[in-house]
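Visitor: Structure of the sequence below:
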Amino acid sequence: MNFELKENAFLDERYYFARHKSGLRVYVIPKKMTTSYAILGTKFGSIDNKFISDGRNIELPDGIAHFLEHKMFENEDGTDTFARYAKTGANANAYTTFDRTCYLFSATENVYESLEILLDFVTHPYFTEQTVNKEMGIIGQEIRMYDDNPGWQLYFGMLTGLYVNNTVRIDTAGTTETISHITPKLLFDAYDAFYNLENMALCICGDVEKEKVADVCDKVLKYVRAPEVKRIYPDEPKEIYKEYVSRNLEVSMPMFAVGIKDNEVPLSGLALAKKQAEYDILLDIIFGRSGEFYTRLYESGLIDSSFSYDYECSENYAHCEISGSSDQPEKVYALVKEEIKKFKEKGLDRDTFERIKRAAYARVLRVFNSTDDISNEFLVYIFSDFDMLDYPSVVAGVTFEDASRQLREGFDEDSFVLSTVLPIEK
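Guide: Here you go, the predicted structure:
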């Protein structure tokens, strides 16, 4: 493998990149830290349920990406992957999001042995009718657990209110009904389409040597022809589906999530990174803890310390979420809308913008202090066709005019929804 060096001299950060002969993109990020962290990801998540592979139309049951993640830990020889990791002392895990599935481990020793396990089990699928049926019961229990999880239901309530057709509105794990249709053949269909190594990337960060990483890749990975895959996503109208979504669960205080749909997608690369930076700064200005809105609502008892906000932007969907707990969620919702309207009418304060931007820049730099933060964020940027080392300069480059334009053009008054989880009335 011929590694290329990418550096950001100002940040004193660097990484090595190579495309392995198997097709896998390999990123080695040297850091003199006690813990090393590796993550192997595929650009395949819960939203990818319809596609054409080598001319064949395939439709997958909701929840199959998450189901496949679980099944990958079983091996044909009967060994358990976590037991294999236990012998090297590594701490392993995996997760599925809307648009990616990731397998990872952290380790303070035997890093290359653990890397070999990671690359080996993810490239050797094993599915049978018996093991698939067994997993249905396990994942069915997990789904029922999420059905009673207030935070999970609050978030997906918001998504179902925001989106009409976009598959992001579907629970990542699916339902007990949808997973009942999963078969070994469908799992292999999904695996063959999306787990080809050209659709995947490996990030390893820590006190590691690129030559030894290359040796492990050479030992384990083989080239397999990647099929031609075209993903099919439903058309999404600009309108929201439903403004108010509510559930009653075992909570002591009502919970709320205000969603704001952003229709300016798809975006990728620099455009996506720039928009993420602009929205992060805007939300800090409007709802940050040093701001007037948070202070006023907190001191009046309308919100508590659980109050938070976020902007999610991808190639297929984008939205803001402002959430927390309140005895008067509908009043908070009205005040959120009122505050945004006030900012849109009056505009931003330049001094406040500069102060918040400096804080945002410092927050971005803190990511480079942790091997797991670096690796996970690195992978997100890779799958968005952007370089993580360039993101601090994107944040630094956001101008007052950029943020003001985004404020004017975003936060459409018809794009708001309120999701609530209310206590069960006794």
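Visitor: Contacts only, for I232.
Guide: K50, F51, I52 (Cβ atoms under 8 Å, 6 or more residues apart in numbering). To be clear about C-beta, it is placed using only N, CA and C from the backbone, and glycine gets the same treatment.
Visitor: Distance of it relative to T167?
Guide: Computed with Cβ to Cβ, to the nearest Å, the distance linking I232 and T167 is 10 Å.
Visitor: In which helix or strand does C217 reside?
Guide: Secondary structure assigned from DSSP states H and E places C217 in helix 210-220.
Visitor: What helices and strands are in contact with that helix?
Guide: Under the contact definition 3 or more Cβ pairs under 8 Å, 6 or more residues apart in numbering; DSSP states H and E, helix 210-220 sits against strand 13-19, strand 25-30, helix 111-122.
Visitor: Show me the one of these that comes nearest V224.
Guide: helix 111-122 (12.8 Å; Cβ to Cβ).
Visitor: pLDDT (mean, whole number) over whichever helix or strand comes after the closest one?
Guide: Next in sequence after helix 111-122, counting helices and strands by DSSP H and E, comes helix 129-147. In this model, helix 129-147 has a mean pLDDT of 92.
Visitor: Now do the buried residues in whichever helix or strand comes after helix 129-147.
Guide: Once helix 129-147 ends, the next helix or strand along the chain (criterion: DSSP H and E) is helix 150-162. Using 16 or more other Cβ atoms under 10 Å as the burial criterion, the residues of helix 150-162 that qualify are P150, W152, Q153, L154, Y155, F156, G157, M158, L159, T160, G161, L162.
Visitor: what sits against the last one?
Guide: I take that to be L162. L162 makes contact with R169, I240, Y241, G259, K261, H319, S415, V417, according to Cβ under 8 Å, 6+ apart.
Visitor: Let me know the pLDDT of the fourth one.
Guide: Pointing back at G259 there. We have a pLDDT of 98 for G259.
Visitor: Show me the contact partners of the helix or strand hosting it.
Guide: Assigned by DSSP H and E, G259 belongs to strand 255-261. Strand 255-261 has contacts (Cβ under 8 Å, 6+ apart) with 150-151, 154-155, 157-159, 161-163, 238, 240, 318-326, 329, 332-333, 336, 340, 410-412, 415-421.
Visitor: Next one: the nearest residue to G301 once chain neighbours are set aside relative to L297, how far apart?
Guide: Closest residue to G301 apart from its sequence neighbours, by Cβ to Cβ, 6 or more residues apart in numbering: D327 at 7.8 Å. When distance is defined by Cβ to Cβ, D327 is 12 Å away from L297.
Visitor: got it, and S393?
Guide: Counting by Cβ to Cβ, the gap between S393 and L297 amounts to 35 Å.
Visitor: of these two, who's got more company?
Guide: Between S393 and L297, counted using other Cβ atoms under 10 Å, the more crowded position is L297 (21 against 14).
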